[in-house]
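# Have a look; sequence and predicted model below, questions after that.
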Amino acid sequence: MTDFSLNLNEDQLQIQKWVHDFAEGVIRPVAEEWDEREEFPWPVVEEAAQIGLYGVDFLLNAMGDPTGLTLPVAIEELFWGDAGIGMAIMGSALAAAGIAGNGTPEQVMEWAPQCYGTADNVMLGAFCVSEPDAGSDVSSLRTRAVYNEAKDEWTLNGTKAWITNGGIADVHVVVASVDAELKSKGQASFIVPPNTPGLSMGQKYKKHGIRASHTSEVVLDDVKVPGSCLLGGKEKLDAKLARARENVSTGKQPAMATFEATRPAVGAQALGVARAAYEYSLDYAKERVAFGRPIIMNQAIAFKLANMATEIDASRLLIWRAAWLAKNGQFKNGEGSMSKWKASETAVRVTEEAIQILGGYGYTREYPVERWHRDAKIHTIFEGTSEIQQLVISRAISGLRIE
Ligand SMILES: Cc1cc2nc3c(=O)[nH]c(=O)nc-3n(C[C@H](O)[C@H](O)[C@H](O)COP(=O)(O)OP(=O)(O)OC[C@H]3O[C@@H](n4cnc5c(N)ncnc54)[C@H](O)[C@@H]3O)c2cc1C
């Protein structure tokens, strides 16, 4: 067990600076362009791969840090640069986390690297859970996986909605129902390897924010994968299904286990956006003169900034605590959800206040704060909405099945 400390170690300080320099020098100058284009920013992701920021080694090293803080620290800097491009760089991590959370060591070794490829051949991963009729309610997934014992082969059918990197990814991790009666206890995760026939991209969504990140439907039409693509293996699945049929607790569900572990990281994404808007509006408030004095000299503006700074620090403390707990203990009171909820709501409020501080300029696309406001909002929706985070927390603190 590692002690919790607010002092970053040498490695973490180096990584923080390294990611910050990339965010400032490479991401920020092109953030507006990729937001307008609403396309996946391949050249930026390729540059990130060249320096090792986009790659399975970076992710595994960061995730292997015993304090848990390296990943949120790096993500905060990345998303300070831009959230859309940040998601393009981080999107594959969700697939890799799904594999790491549910796969055997051999499956992790085989498939996690393929979610990234190499510096010269960048590949992408996608984690496919949500469906048109099942977002928060993951127990209602309609995507089915049917096993053919003679061929040791699974057939997947269904449609996934709002999938980051959906259809353009090389590796799709798909959560499907193998026994619909058991609801979420009857689900399993599958690897769909690159170029598997039957998997295609449905509609590509036009979004409010994080527009450089690709989000699409994924259509699975008689997609056949070998038995070895069932994450965790058949024996483990059969045992889990047997326990579920006997109504014995089966522990965490595949999708939920992945989301729980990644929530502090999603909080860190929101934190990066909030900090960007806070820093920008603080500088602006010192420069902008109205009624003969800088607008920050009015308490109405200074207090907004004081509030923004405090909420940002509170969010970071919750994120670091959750990240540390995830490595060195376990969540007792929904601490992962607390961190994600607090940081994402903070990002929405802070970016809105930033627009207010910039006044008319803040509302135009000439200044970045309106983009940050649009980018902030997604964090209250994906990987569990704010309402679902509150559900998780209230169940954890009460021990009751709050609905
Ligand atoms: C840009 C983007 C990227 C995404 N990327 C991925 C991805 O890579 N992989 C993936 O699997 N999914 C992804 N998603 C899907 C995302 O996780 C879902 O949109 C999210 O979980 C919410 O589900 P929903 O949209 O069906 O909303 P719903 O579940 O329909 O919720 C609608 C509203 O009702 C509220 N609500 C629902 N149930 C309750 C309840 N029990 N109590 C209180 N309030 C409730 C919600 O909080 C929300 O406000 C992405 C979504 C977006 C927009």
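In hand now; what should we look at?
# wait, what's in contact with R371?
Shown in contact with R371 (Cβ atoms under 8 Å, 6 or more residues apart in numbering): 31-32, 35, 209, 365. C-beta coordinates here come from the backbone N, C-alpha and C atoms, glycine included.
# for these, which one is nearest the ligand?
Of all those, the one with the least separation from the ligand (Cβ to the nearest ligand atom) is G209, at 8.1 Å.
# ok, and the most crowded of the contacts of R371?
Neighbour counts for the contacts of R371 (other Cβ atoms under 10 Å) peak at A31, which has 25 neighbours.
# near the ligand, which residues of the stretch 51-200 of the chain show up?
Taking Cβ under 6 Å from any ligand atom as the contact definition, the stretch 51-200 of the chain meets the ligand at 94, 127-130, 135-137, 162-164.
# would you list the residues you listed in a markdown table and tack on neighbour count, secondary structure and pLDDT?
Formatted as a markdown table, these follow (neighbours: other Cβ atoms under 10 Å; DSSP: H, G, I helix; E, B strand; the rest coil; pLDDT from 0 to 100):
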| residue | neighbour count | secondary structure | pLDDT |
| --- | --- | --- | --- |
| L94 | 27 | helix | 93 |
| F127 | 32 | strand | 97 |
| C128 | 34 | strand | 98 |
| V129 | 27 | coil | 97 |
| S130 | 22 | coil | 98 |
| G135 | 17 | coil | 94 |
| S136 | 13 | coil | 95 |
| D137 | 13 | coil | 95 |
| W162 | 19 | strand | 98 |
| I163 | 28 | strand | 98 |
| T164 | 24 | strand | 98 |
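# Looking at those, which one is closest to the ligand?
Nearest member of those to the ligand, counting by Cβ to the nearest ligand atom, is G135, at 1.9 Å.
# picking up where we left off before, which among the contacts of R371 are in contact with the ligand?
Among the contacts of R371, not one lies near the ligand by Cβ under 6 Å from any ligand atom.
# could you dump those residues to CSV with secondary structure?
CSV is the format used below for those (DSSP: H, G, I helix; E, B strand; the rest coil):
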residue, secondary structure
A31, helix
E32, helix
D35, helix
G209, coil
R365, coil
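# Looking at these, which is nearest G158?
Each of these was scored against G158 by Cβ to Cβ, and G209 proved nearest at 27.3 Å.
# thought the closest one was touching G86?
No - assessed by Cβ atoms under 8 Å, G209 is found out of contact with G86, at 11.6 Å.
# circling back: can you lay out the residues of the stretch 51-200 of the chain next to the ligand as TSV showing distance to S177?
Converted to TSV, those look like this (distance: Cβ to Cβ, whole Å):
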residue	distance to S177
L94	20
F127	16
C128	13
V129	11
S130	14
G135	15
S136	17
D137	13
W162	19
I163	17
T164	21
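# where does the stretch 251-400 of the chain come near the ligand, residue by residue?
Taking Cβ under 6 Å from any ligand atom as the contact definition, the stretch 251-400 of the chain meets the ligand at 378, 381-383, 385, 387-388, 391.
# Now intersect the residues you listed with the helices, please.
Secondary structure assignment by DSSP state H places 387-388, 391 of those in helices.
# From the residues you listed, pick the one nearest H373.
Proximity of those to H373 (Cβ to Cβ) peaks at E387, which lies at 20.7 Å.
# got the contact list for that closest one?
E387 makes contact with S136, according to Cβ under 8 Å, 6+ apart.
# R142 versus that one, what's the distance?
23 Å (Cβ to Cβ, to the nearest Å).
# I'd say M63 and P72 touch.
No - here M63 lies out of contact with P72, judged by Cβ under 8 Å, at a distance of 11.1 Å.
# Which residue of these two possesses the greater neighbour count?
Comparing M63 with P72 by other Cβ under 10 Å, the one with more neighbours is P72, at 26 against 18.
# now the strands for the chain?
Secondary structure of the chain (DSSP state E): strands at 117-118, 121-122, 125-128, 144-148, 153-164, 171-177, 187-192, 199-204, 215-226, 289-290, 293-294.
# what pLDDT, on average, does the fourth one get?
Same thing as strand 144-148. The average pLDDT for strand 144-148 rounds to 98.
# Show me what that strand is packed against.
strand 153-164, strand 171-177 (3 or more Cβ pairs under 8 Å, 6 or more residues apart in numbering; DSSP states H and E).
# what's the spacing between A100 and R371?
A100 is 32 Å from R371, by Cβ to Cβ.
# how many degrees apart are the worst-scoring helix or strand of the chain on mean pLDDT and strand 187-192 in direction?
Counting by mean pLDDT, DSSP states H and E, the chain has its least confident helix or strand at helix 254-287, which shows a mean of 89. Between the axes of helix 254-287 and strand 187-192, defined by axes from the mean of the first three to the mean of the last three Cα atoms, to 10 degrees, the angle is 80 degrees.
# Specify the angle between helix 254-287 and strand 171-177 in degrees.
120 degrees.
# and helix 254-287, what other elements does it pack with?
Checking 3+ Cβ pairs under 8 Å, 6+ apart, helix 254-287 ends up next to helix 70-81, helix 83-102, strand 187-192, strand 293-294, helix 299-328, helix 335-363, helix 369-377.
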